[in-house]
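> Any chance you could fold what I've pasted below:
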Amino acid sequence: MSESQTDSNMVYPETPVNLPQNNQDPEYGSDIIADVLADLGFEHVFLVPGSSFRGLHDSLVNHTRNQKPEIILCTTETIAVAMAHGYAKSSNKPALCIIHDLVGLMLGSMAVYNAYCDRSPVMILGGAGPLDPAQRRYIDWVHSANTQSDLVKPFTKWTSEPPTLQSTVDAILKGHKIVSSKPSGPVYISVDQGVQEGGIPDDLVIPAIDLPQYQPAAPMSANPNSLDQAAEMLLAADMPLVVAGRFGISSDVTPVIRKLVELLGAAYADDRSIVCMPTDHPQNLSGDADIRRNADVVLTIDCIDPTNAVLGYNEAERGRDGQKIIDLSLDNIIPNKWSNFGNLESAVELEIKCDPLFGTEQLIAVIENKLSGGGSHKAGIEARKAVLSDQHAALRKAQTEDWLAEKDASPIIIPRVIYELHEAVRDKPWFLPVRNHRSFSEGIWQFDGAGQYLGSDGGGGVGYGPGAAVGASLARHKKGQINIAIMGDGDFVMSASAIWTAAHYHVPLLVVINNNNSWGNDEHHQIRVAKARSRPPENAWIGQRMVDPDIDFATVSRGFGAWAEGPVADPNALAGVFIEAVSQVEYGNVAVVDVRTAL
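I've put the predicted structure just below:
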């Protein structure tokens, strides 16, 4: 049995040698910065080495001794930011990454955008400068800019380019407060190379980080009048529908949402690529094509794009005439609207700005108060629950029958992959940091509720999956869970080297690749365009298929240090392969399974 198999509950820090037994006082600006990061509680820092933060890198190793934060070495800046993104969602606290100046920030910018759209608390430090031109080497002129943060300013919550050590310390403390405050989002702070490698001014002030001015504000409560209006609308509805969104990454959400849904006798549906309610709850109609269309009052909670939550972009699926939408969220609190993400104003009848979980609890209290007075609502609520229960049972039955008809097809249909994988872990403590969302069939994988799946990338930036899965799994490596990431071959191939980081730091993880040898989403687009133009759809594969040669994902993964199997083309072989892959993860290894799936 290997070392990783024996001690699978640990992540092994790389321990510096030849250092004094006692911790030394800081000598350089970067030592101070490393101390501040440690005091802020960062346990890990995701980075790709760069000369622009060589001073800070040295301090993290030789001053704070690679402990809190421990360096997690990544292979590209895109992966480093994605790992921090996944770690932040999994740990429910800010994550830290450091990236090289200019070119590193350019490479990582797509991942920054994903974190912004996903409202994830990621603090990004970027090497910079030196600000003083006299200190610059040739490469510093190539890699520095006067306003480096302009690269990501449109899709970050806050940026700063401090010129001195004092202003750098102040910026990090302020940035930590901003990134910790809801609505969350990434912040970017440049750390000047001259400041890092310079001395410590005698008048430097390092404030106590537990002072009130450095703490995030308490959750924002809802307007009482708006809550009362929302309660009246929901209780008067013929078919109320609750759609819950991104806050489903936290397990605290399910008891609250369940109570609200049962109290109202409302139908429930998850927002795009999230899970907030148990799959088998009798009022859960996730996957029902008609429920959003038929509801007369829809309550969207923490849905970053309420228009999409009620299918408003698809004219054929828009809700019934007179449908009213209540939106309870912190959306639009972040004023930056550089991109068009979620920019179409929904036809919202009532907008309630508040912390989504706190606001939902407040709304429940108002509804309970109104129901305590009796009236005609209770009979209607119980009758509706019975109807919804029948709909739920029929829906789940139909969902099962749909995929069973093709269960033995090859290439393998994705519902068969989901079923066999779930069977392999259903009695074990599993966790899904990443999964495919458009092709993830509802009703097969049995979720207990929120906190078991971390949702999508946020901004649609392909390549998020591998890095986010490793970062999220690192945050949970001591919980004894089987971390499982299901992703497409395009997502994997863009960031496959994240597997090396998982193997190097002994982060147990199972990656299942839905491999259709194609940029499948775009191939479907080409088919639609060709049909619309009366052109041959048979040509849609050109410029889309990754074949001749096929990518050997198993060999690639083994080269990064993982156990790997595939491509698996026989659906009847899946069960055995997944059982072995799960056992590898239980030993503490990284496992990758390449499954040949249908387009």
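> Identify the residue nearest D570 in space, chain neighbours excluded?
Nearest residue to D570, sequence neighbours excluded (C-beta to C-beta, 6 or more residues apart in numbering): S410, at 6.6 Å. Every C-beta, even on glycine, is put in place using the N, C-alpha and C of the backbone.
> Repeat that for L125.
I98 (4.6 Å).
> residues in contact with that neighbour?
45-47, 50, 53, 56-57, 80, 124-127 (C-beta atoms under 8 Å, 6 or more residues apart in numbering).
> from the residues you listed, which ones fall inside strands?
Those of the contacts of I98 mapping onto strands are 45-47, 124-127, per DSSP state E.
> Specify which member of those is nearest to G359.
Nearest to G359, judged by C-beta to C-beta, of the ones in strands among the contacts of I98 is I124 at 29.5 Å.
> ok, the residue nearest to D570 touching P571?
Yes: look at S410 against P571 with C-beta atoms under 8 Å: they come within range, at 6.2 Å.
> Please identify which of the two sits among more neighbours.
Neighbours were counted for S410 and for P571 using other C-beta atoms under 10 Å; P571 has more, 22 against 14.
> And that one, what's its pLDDT?
Predicted confidence (pLDDT) for P571: 97.
> Could you tell me how far it is located from A398?
According to C-beta to C-beta, to the nearest Å, P571 stands 21 Å off from A398.
> Kindly report the same for E14.
Taking C-beta to C-beta, one finds E14 at 53 Å from A398.
> Now do the strands in the stretch 151-300 of the chain.
158-160, 187-192, 240-244, 267-270, 297-301 (DSSP state E, counting those that start in this stretch).
> Out of the contacts of I98, the closest to D457 would be?
Minimum distance to D457 across the contacts of I98 is 15.1 Å, recorded for A80 (C-beta to C-beta).
> so where's the stretch 1-150 of the chain shaky on pLDDT?
Along the stretch 1-150 of the chain, segments meeting pLDDT under 70 span 1-12.
> what's the domain layout of the chain?
By the assignment in automatic domain parsing, the chain contains the domains 3-214, 224-399, 406-596.
> Could I get the contacts of I98 in JSON lines, plus columns for distance to A295?
Putting these into JSON lines (distance: C-beta to C-beta, whole Å) gives the following:
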{"residue": "V45", "distance to A295": "46"}
{"residue": "F46", "distance to A295": "42"}
{"residue": "L47", "distance to A295": "47"}
{"residue": "G50", "distance to A295": "51"}
{"residue": "F53", "distance to A295": "52"}
{"residue": "L56", "distance to A295": "53"}
{"residue": "H57", "distance to A295": "54"}
{"residue": "A80", "distance to A295": "42"}
{"residue": "I124", "distance to A295": "40"}
{"residue": "L125", "distance to A295": "46"}
{"residue": "G126", "distance to A295": "46"}
{"residue": "G127", "distance to A295": "51"}
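> List just the nearest of those residues to V152.
Comparing the contacts of I98 against V152 with C-beta to C-beta picks out I124 as the nearest, at 7.8 Å.
> which residues does the closest one bridge with?
Note on I124: beta-bridge partners C97, Y188, judged by DSSP bridges.
> among the ones in strands among the contacts of I98, which two are most distant?
The most widely separated members of those are F46 and G127, with 14.4 Å between them, by C-beta to C-beta.
> my read: D192 touches L125, true?
No: in this structure, D192 is not within contact of L125 by C-beta under 8 Å, at 11.1 Å.
> out of these two, which sits in the more crowded spot?
Neighbours were counted for D192 and for L125 using other C-beta under 10 Å; D192 has more, 28 against 24.
> what's near enough to touch that one?
Applying C-beta under 8 Å, 6+ apart to D192 gives the contacts 128-131, 161-163, 168.
> Make a ChimeraX selection of the buried ones in those.
Remark: buried members of those, expressed as a ChimeraX selection using 16 or more other C-beta atoms under 10 Å:
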select :128,129,130,131,161,162,168
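> Give me the subset of the contacts of D192 that lies in helices.
Mapping the contacts of D192 onto helices (DSSP state H) picks out T168.
> W541: which of the contacts of D192 is nearest?
A128 (45.1 Å).
> how about the lengthiest helix in the chain: buried residues?
Under DSSP H, the helix in the chain containing the largest number of residues is helix 377-404. In terms of neighbour count (16+ other C-beta under 10 Å), helix 377-404 has its buried residues at 377, 381, 384-385, 388, 391-392, 395-396, 399, 403.
> same for the next helix-or-strand element following it, what does it pack against?
Using DSSP states H and E, the helix or strand that follows helix 377-404 in sequence is helix 414-425. When contacts are defined as 3 or more C-beta pairs under 8 Å, 6 or more residues apart in numbering; DSSP states H and E, helix 414-425 sits against helix 377-404, strand 482-488, strand 509-515, helix 574-587.
> angle of the longest one against helix 414-425?
Comparing the axes of helix 377-404 and helix 414-425 via axes from the mean of the first three to the mean of the last three C-alpha atoms, to 10 degrees yields an angle of 100 degrees.
> What's the mean pLDDT across helix 377-404?
93.
> Can you give the distance of it from its chain's centre?
The chain centre lies 30 Å from the centre of helix 377-404; the measure is C-alpha atoms, centre = their mean, to the nearest Å.
> change the start of the numbering to 45 and stick with it
Right, with 45 as the first residue, what we last looked at is helix 421-448.
> and R302, what is it in contact with?
Contacts of R302 by C-beta under 8 Å, 6+ apart are 321-322, 325, 493.
> Then L81?
89, 108, 113, 140, 216.
> Of these, just say which sits nearest to A280.
A280 lies nearest to L140 out of the contacts of L81, by C-beta to C-beta, at 48.2 Å.
> And the closest residue to G238 other than its chain neighbours, how far from W185?
Nearest residue to G238 in three dimensions, chain neighbours excluded: P174, at 3.7 Å (C-beta to C-beta, 6+ apart). Between P174 and W185 the distance is 10 Å, computed by C-beta to C-beta.
> one step back: export the helices and strands packed on helix 458-469 as TSV, with columns for distance to Q65.
Shown next, in TSV, are those (distance: least, C-beta to C-beta, whole Å):
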stretch	distance to Q65
helix 421-448	62
strand 526-532	37
strand 553-559	36
helix 618-631	36
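> right, so of the ones you listed, which gets closest to S224?
Judged by C-beta to C-beta, the one of the helices and strands packed on helix 458-469 that comes nearest to S224 is strand 526-532, at 25.0 Å.
> now that closest one: how far from the chain's centre is it?
Taking mean C-alpha positions (C-alpha atoms, centre = their mean), strand 526-532 and its chain are 13 Å apart.
> That strand pairs with which strands, and in what direction?
The strands that strand 526-532 pairs with in its sheet are strand 474-478 (parallel), strand 553-559 (parallel) (by DSSP bridges).
> can you redo the strands of the stretch 195-344 of the chain as TSV with mean pLDDT and distance to G152?
As requested, these are exported to TSV (pLDDT from 0 to 100; distance: least, C-beta to C-beta, whole Å):
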stretch	mean pLDDT	distance to G152
strand 202-204	96	14
strand 231-236	96	10
strand 284-288	97	31
strand 311-314	97	30
strand 341-345	96	31
